[in-house]
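1. Here is my input, please return the structure:
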Amino acid sequence: MSILEVCKAIQASAVGTGIRESEYLFPIVEGTHVLGLSVSVGTVMWFDLRLIGKIMRHIPVSEVFHQLRPWMFAGFVIMLTTGSLLFSAVAADAYANTYFRLKVVLLLMAGANVLLFHTTIDRRRSHWDKAPIPPLQARIAGLLSLVLWVGVIILGRLFAYAV
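-> The predicted model follows:
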């Protein structure tokens, strides 16, 4: 089976069809997706702004992360779940859409950025945790995260208007 055939099968599934054809379900899932995105990306952006040294300079990075982590995670789970449901409703159209493909690339890059940050510079956080401005690698990771998530949001909106 090709990827397009898999996407067509997903879109034709009971879940995809049910969401797409429901007068109320699609807007509820979409609204919940936007709320999950707001919680997840909003808190990630706070953390990123702390990483680049623009806000909360007097609070250790570990404390900011500890306070925001549950919100980031909860928002991400909501965003991922509802995004998957929305995808199931328009999977074949999404597969053919350049904005969606670029969005997926940016999502993968954002995930790689998180993984790289947590497996490298974040392991040495105890050395720079209380610094008002973290080291260059942390600032780059924070800035890259901001750029990638803004790109994901923009491409998501462009995709929504193109379908």
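2. For residue 110, what is the enclosing helix or strand?
-> With elements delineated by DSSP states H and E, residue 110 resides in helix 98-119, which encompasses its position.
3. Name the next helix or strand following that helix along the chain.
-> Per DSSP H and E, the first helix or strand lying C-terminal to helix 98-119 is helix 125-128.
4. and that following helix, how far out from the chain's middle?
-> For helix 125-128, the distance between its averaged C-alpha position and the chain's averaged C-alpha position is 26 Å (Cα atoms, centre = their mean, to the nearest Å).
5. about what we covered before: using CSV, write down the CA coordinates of the helix holding residue 110.
-> Output for helix 98-119, consisting of C-alpha atoms alone and laid out as CSV, is shown next (Å, rounded to 0.1, in the frame of the first residue of the first chain):
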residue,chain,number,x,y,z
THR,A,98,2.2,21.2,0.7
TYR,A,99,1.4,23.3,3.8
PHE,A,100,0.6,20.1,5.7
ARG,A,101,3.8,18.4,4.5
LEU,A,102,5.8,21.4,5.6
LYS,A,103,4.0,21.4,8.9
VAL,A,104,5.0,17.8,9.5
VAL,A,105,8.6,18.6,8.7
LEU,A,106,8.6,21.4,11.2
LEU,A,107,7.0,19.2,13.8
LEU,A,108,9.7,16.6,13.3
MET,A,109,12.4,19.3,13.5
ALA,A,110,10.8,20.7,16.7
GLY,A,111,10.9,17.2,18.2
ALA,A,112,14.5,16.7,17.2
ASN,A,113,15.4,20.1,18.7
VAL,A,114,13.8,19.0,22.0
LEU,A,115,15.6,15.6,21.9
LEU,A,116,18.9,17.2,21.1
PHE,A,117,18.5,19.9,23.9
HIS,A,118,17.6,17.3,26.6
THR,A,119,20.3,14.9,25.6
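6. Counting by contacts, list what that helix packs against.
-> The elements that helix 98-119 packs onto, with contact taken as 3 or more Cβ pairs under 8 Å, 6 or more residues apart in numbering; DSSP states H and E, are helix 136-162. C-beta: built from backbone N, CA, C; applies to glycine.
7. coming back round to it: and for the helix holding residue 110, what are the contacting residues?
-> When contacts are taken as Cβ atoms under 8 Å, 6 or more residues apart in numbering, the neighbours of helix 98-119 outside the stretch itself are 94, 138, 141, 144-145, 148-149, 151-152, 155-156, 158-159, 162.
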